[in-house]
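**Student:** Below are the sequence and a predicted model; questions follow.
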Amino acid sequence: MAGPQCCANPPALNPNSGEGTVKEFGGLLSYITGSLDSKAAILLVSDVFGFEAPNLRKLADKIAAAGYYVVVPEFMHGDPYDPDNTERPVLVWIKDHGVDKGFEEAKPIVSAIKSKGFSTIGAAGFCWGEVKAPIAVLGAEIDEYSPPELLEQFEGVLSVEGYVKIFPGVIHGWTVRYDVEDKKAVEAAEEAHQDMLDWFAKYVK
């Protein structure tokens, strides 16, 4: 979560975007969408720009529409990465937002989801990850931080069931930081979203 492409195409954050609600959940503000009567729950983890990104919330709503209760925690604590803040480049900013910290903060979120009656929980994230369950890796062809040749090595050493799929002609962040006016970008993002939904349908029941 520290490559230059991780910070490209920053979204215009909008705290009022999405069909869900924002409330405290498991100790963090979270964007919540979907019904408590859903078949299972999904923990959706943002990239460096946080949980107010409209495309991210649109994706959360799409997952909810497929029958899941979705929680998008505000792991950034009101401090999403700001590429315009030259006094705090990403390698400085990330010291306050490491994966280890997010992992620990996710534990009470998971407990809160379980307290709602969900015994099955899936997760999807952008630029974060721990591989202890079946995993689908959807990668970009143009990615300096995680190039296709590296992702293909992952597939060869996965100790859990999973697969790697490389999307041609797209760059890092294409699934949530795409231009909604670019037809090809939208098509690639929507294909990845469907792959994710298919994965949840298979494993998160």
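**Tutor:** Okay, I see it.
**Student:** shaky segments in the protein?
**Tutor:** 1-6, 127-132, 156-159 (pLDDT under 70).
**Student:** need the next SSE after the longest strand seen in it, C-terminal direction.
**Tutor:** Determined from DSSP state E, the single longest strand within the chain is strand 162-171. Counting by DSSP states H and E, the element after strand 162-171 in chain order, helix or strand, is helix 183-203.
**Student:** elements contacting the longest strand of the chain?
**Tutor:** strand 135-142, helix 148-157, helix 183-203 (3 or more CB pairs under 8 Å, 6 or more residues apart in numbering; DSSP states H and E). In this view, the C-beta of every residue, glycine as well, is placed from N, C-alpha and C.
**Student:** out of the ones you listed, deepest packed?
**Tutor:** Comparing these by mean neighbour count (mean count of other CB atoms under 10 Å), strand 135-142 comes out on top with a mean of 18.
**Student:** Now do that one: everything it contacts.
**Tutor:** Strand 135-142 is contacted from outside by 129, 146, 148, 151, 154-155, 158, 160-175, 192, 195-196, 199, using CB atoms under 8 Å, 6 or more residues apart in numbering.
**Student:** Could you please name the strands that strand pairs with and the direction of each pair?
**Tutor:** Paired strands of strand 135-142, with direction, are strand 162-171 (parallel) (DSSP bridges).
**Student:** CA atoms only: put the partner strand into CSV for me.
**Tutor:** The C-alpha coordinates for strand 162-171 follow below in CSV (Å, rounded to 0.1, in the frame of the first residue of the first chain):
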residue,chain,number,x,y,z
GLY,A,162,-8.0,-19.3,-5.2
TYR,A,163,-7.1,-17.8,-8.5
VAL,A,164,-5.4,-14.8,-10.1
LYS,A,165,-7.0,-12.9,-13.0
ILE,A,166,-5.2,-10.1,-14.8
PHE,A,167,-7.4,-7.4,-16.4
PRO,A,168,-5.8,-6.0,-19.6
GLY,A,169,-5.3,-2.3,-20.3
VAL,A,170,-6.2,-1.1,-16.7
ILE,A,171,-4.1,0.5,-14.0
